[in-house]
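Provided below for reference: sequence and predicted model.
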Amino acid sequence: MGSQRLTSLFICGAGHSGSTLLGMVLGGVRGGFYIGEGAKIRYLHDPQKPLRKRACKICGEACPVWSGFAWDGAAPPHAAIAAHVGAETIVDSTKDPDWITARAEETRAGGGAAGLVFLQRDGRAVVNSRLRKYPDRDPEAQINQWAGQMARARALFERFEGRKAQLRYEAFATAPEQEIRRLCTSLGLEFRRDMLAFRARDHHPLGGNTGTQFVAAGARRAATKSGSIQLTDRTRSYYRDHPGDIRLDLRWRDEMSPEHLALFETRAGGLNQDFKWD
């Protein structure tokens, strides 16, 4: 990094809201590097953990970035990663408020800056995505989990000290250049149009959405054979035929059953008034 000051940029909210895509885009800032869900560095190289947790999702254990990195559990991880890859801005999509708070404090203590994006998506889309991925899990529990994550994310956003901005997934996917320009202005980042060309860059994410990573791999998809990108029968046709651009995913409108929609409205309809997209 030389004399450059480190910037830690966090994405909070609920899982299944588009944070992997947003992270890949924001990682395209000058001097940026998207680490995925940074908290998973705790599992790196641990043979007791599944491959999807202990290694790069795209490259696997032979990843040119993570295979040569180990965290001692004590040193500020963002600073260590930045030094390892030669980055000035680390983008982290870990949702855990405690992780975000601790890493932000470390970065500030080291003379750097921390920024936060509160990513929001219609709760019906989030819950439907979870039910698609985990069809055997209790739907009410999935709804409650989304509501809890959003409440914690909102509280974190309100108390966060530093540059911060809110972003609607649906607005981002509908008008990506406009929304990323706005986001960069709010966060004090230099917008570059090639940030949106996320498929043109190599990515080395820890954790995150497999479908988005499958799309991002693009022509380098053969490399995923050594990683842990395995599309399920429920997602294969959507991502296999995806054109590779940034586009709005509204599959929930066709997939979510009337019973699940009614349950969602009963349990979380009021909270979702701030996030719904019709």
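Perfect, thanks for sending it. The model shown is predicted, which means the values in this text are computed figures rather than measured ones.

just checking, Leu248 touches Ala173?
Yes: between Leu248 and Ala173 there is a contact at 4.1 Å, judged by CB atoms under 8 Å. Where you see a C-beta, it was placed from the backbone N, CA and C, and this is true even at glycine.

Between the two, which has more neighbouring residues?
Ala173 (20 against 14; other CB atoms under 10 Å).

ok, how many other residues are close to the nearest residue to Ala197 once chain neighbours are set aside?
Ranked by CB to CB, 6 or more residues apart in numbering and with sequence neighbours excluded, the top spatial neighbour of Ala197 is Gly28, at 7.5 Å. By other CB under 10 Å, 23 other residues sit near Gly28.

repeat for the one 5 residues further on
Using other CB under 10 Å as the criterion, Phe33 is surrounded by 22 other residues.

so when I look at it, I'm seeing a strand, right?
Yes: counting by DSSP: H, G, I helix; E, B strand; the rest coil, Phe33 is part of a strand.

Any idea what it is bridged to?
Residues in a beta bridge with Phe33, per DSSP bridges, are Ile90.

List of residues touching the biggest strand by length in the chain?
If you go by DSSP state E, the chain has its longest strand at strand 113-120. With CB atoms under 8 Å, 6 or more residues apart in numbering as the test, strand 113-120 has contacts from 5-13, 17-19, 22, 26, 100, 103-104, 107-108, 150, 153-154, 156-157, 160-169, 183, 187-189, 274-275.

Buried only: go through the residues you listed for me.
6-13, 17-19, 22, 26, 100, 103-104, 107, 150, 153-154, 156-157, 160, 162-165, 167-169, 183, 187, 189, 275 (16 or more other CB atoms under 10 Å).
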